[in-house]
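In: Can you look at this prediction? I've put the sequence above it.
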Amino acid sequence: MRRVLITGARAPVALDLGRAFRAAGCKVDLADSVQPYAASLSRSRFRVHRLPPPRFAFDACRARLRVLMARFDLLVPTCEEVFWLAAAAARDGWSDRLFAPSHEVLRSLHSKVDFPGLAQAAGIDAPATIPVACRADLDRLSGMLPNLVLKPEFSRFGSRVLVGPLASDLAKITPSLKRRWVAQERIEGEEVCVWSVARAGVLVACVVYRPMLRHGRAASYAFEAVDMPGVVGMARQIARAVGCNGQLSYDVIVTPSGRVAPVECNPRAVSGLHLLDATPALAHAILDGKNCPPAPAGTIRYLAPAMLLMGLPAAIAGQTVPQLLRTWRAGRDAVSHPGDRLPFAGTVMDAARFAAVSLTRRLSPTGATTDDIEWNGEDMV
C-alpha cells in the first residue's frame, strides 16, 4: 500500500485529493501549519500532522518534514506551501518524493514577469508583459494605461490587480527591484481557468472550467466544466516545455477570434479539481501517469459554505437569488459528500478562524488564508 502525505489540509482541494487517494487504495495522511477543521471532521478520519509555518519558521518546518518523509512514498502539496516544500526537499534529499517541480521551475511559473516569456517560448500566444521595477518604469506606461493590466509579480486571488488603470492609480504603486510589478497587455474575451496534472512533461489530467460565482476577483466558489480543446492544447504545450511533475493551473483569456492567452500560472491545486469528484482516476494520474477522463462539459460543483456565507448575501443585494438557486440545483457540493457531511461545518469553522486572523493581523480575508505559507520571491534562509 502506497503512503501519501497531502499538505495544505486547510483547503477543500486537499480533502478531495485525500478522498481520491483513499479510493485508489492508498494510506493517506494530511498536514498543515494550522488546524484544518473541515479535514479533521471528515468521516475519512485522516490523520493530520501539524507543521511549523514554513514562511515564518522554515528551518523548523524542514526538520519536521525530514521526520515525516521517512514514512511516506509521496508528498502532494496543494497550496502555496509548495514553494517552501520544493526548497526543503532539494536541501534535504527527498525531491524524488515531492509531486511538484523544482523550486527554480516553480519560481518561473509563479512569477508574472517570467511566466509569459516561458509560455511564449513554448509556442503560446501569451500577453505581452513589461516588468516594472521603479518609478521611471511606471512613467513610461502613461500613454498605454487603458490597454494594460497592472499587478504585483508575486500575488494571488487577483489581489491588487488594476485593470485599465488611471494615471492616479500609478501614485499608489511603489515598485522596486525586490517588489516588482508587471504591466500586461489587456485582452478582451472570456476568462476560463485550468487545473492540470503533468507527469514528466506529459499532460495526464486537465479540467477547463468557467468561474460562475466568485467574491470580487478572488477564487470562484461555483464553477462549471467547459469543453475547450484549444485551452487543453495550451496546457499540454506548456507541460511539455517545462518537462516536470506537478499540478499546473492557469488563468486564461479566450478571445472571440480564438486566441488562447494564459495570463498567469499557479503551480498548485485549484478549485477545478473538484469537478472530478475525487475519483480514483484522479489519484492514479498523479501516482502512475494514467490518463484521467475530463469532467463532462456542463458539470457544476460549488463550495456550499461559501455559497451560503458569500453567495447568498451578494445575490440578495444584487437581486440575483433565482440565478443562485439555479446553480445550487444544477450542481453539487464539493465539500460534503454523501455520508460525509461534517466537513460543511468544518469549512465554516475554518472560515471563521481565518476571518479572525485577518482582523488581528490587519490582512485581507483571502490574505489571511495564505499568510503563513505564501512565497513572494524572498530569499529562503
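Out: Here it is on my side, so go on.
In: where do the strands sit along the stretch 51-200 of the chain?
Out: Assigned by DSSP state E, counting those that start in this stretch, the stretch 51-200 of the chain shows strands spanning 74-76, 129-132, 148-152, 162-163, 181-185, 190-199.
In: out of those strands, nearest to residue 360?
Out: For the strands of the stretch 51-200 of the chain, proximity to residue 360 was assessed by Cβ to Cβ; strand 148-152 is nearest, at 23.7 Å. To be clear about C-beta, it is placed using only N, CA and C from the backbone, and glycine gets the same treatment.
In: which residues touch the closest one?
Out: With Cβ atoms under 8 Å, 6 or more residues apart in numbering as the test, strand 148-152 has contacts from 112, 132, 141, 159-165, 169, 173, 179-186, 263.
In: in the chain, which residue is closest to the centre?
Out: Closest to where the C-alpha atoms of the chain average out (Cα atoms, centre = their mean) is residue 270, at 3.9 Å.
In: Against residue 317, how distant is that residue?
Out: 27 Å (Cβ to Cβ, to the nearest Å).
In: With residue 343 instead?
Out: Taken as Cβ to Cβ, the span from residue 343 to residue 317 is 28 Å.
In: Look at the two and report which has more neighbours.
Out: Using other Cβ atoms under 10 Å, the more surrounded residue of residue 343 and residue 317 is residue 343, with 28 against 9.
In: before we move on, back to that, please check the contacts of strand 148-152 and keep the buried ones.
Out: The neighbour-count criterion (16 or more other Cβ atoms under 10 Å) marks 112, 132, 141, 161-162, 165, 173, 180-186, 263 among the contacts of strand 148-152 as buried.
In: Quickly name whichever of those residues is closest to residue 243.
Out: For these, the closest approach to residue 243 (Cβ to Cβ) belongs to residue 112, at 21.6 Å.
In: what about the strands in the stretch 251-381 of the chain?
Out: Ranges of strands in the stretch 251-381 of the chain, per DSSP E, counting those that start in this stretch, are 260-266, 300-302, 332-333.
In: what's the first one in contact with?
Out: To tie it back to what came earlier, the one meant is strand 260-266. 109-110, 112, 115, 119, 124-127, 149, 156, 184, 187, 189, 194, 230-231, 233-234, 238, 248-255.
In: quick check: angle from that strand to strand 148-152?
Out: Computed by axes from the mean of the first three to the mean of the last three Cα atoms, to 10 degrees, the angle separating strand 260-266 from strand 148-152 equals 10 degrees.
In: my guess is residue 327 meets residue 301, correct?
Out: No. Using Cβ atoms under 8 Å as the test, residue 327 is too far from residue 301 to be in contact (10.2 Å).
In: Who has more neighbours out of these two?
Out: Between residue 327 and residue 301, residue 301 has the larger neighbour count (other Cβ under 10 Å), namely 26 against 20.
In: Enumerate every residue touching that one.
Out: Applying Cβ under 8 Å, 6+ apart, the residues contacting residue 301 are 222-223, 274-275, 277, 331-334.
In: Dump these into a markdown table; add pLDDT and neighbour count as well.
Out: Output for the contacts of residue 301, formatted as a markdown table (pLDDT from 0 to 100; neighbours: other Cβ atoms under 10 Å):
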| residue | pLDDT | neighbour count |
| --- | --- | --- |
| 222 | 95 | 24 |
| 223 | 95 | 31 |
| 274 | 97 | 26 |
| 275 | 98 | 23 |
| 277 | 96 | 17 |
| 331 | 96 | 20 |
| 332 | 96 | 17 |
| 333 | 96 | 19 |
| 334 | 96 | 25 |
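In: Nearest to residue 5 among those?
Out: residue 274 (20.7 Å).
In: Surely residue 90 and residue 103 touch.
Out: Yes. Look at residue 90 against residue 103 with Cβ under 8 Å: they come within range, at 6.2 Å.
In: Tell me which of these two has more neighbours.
Out: Higher neighbour count among residue 90 and residue 103: residue 103, with 21 against 14, using other Cβ under 10 Å.
In: and that one, how far is that from residue 373?
Out: According to Cβ to Cβ, residue 103 and residue 373 sit 15 Å apart.
In: Kindly report the same for residue 282.
Out: Applying Cβ to Cβ, the value for residue 282 to residue 373 is 23 Å.
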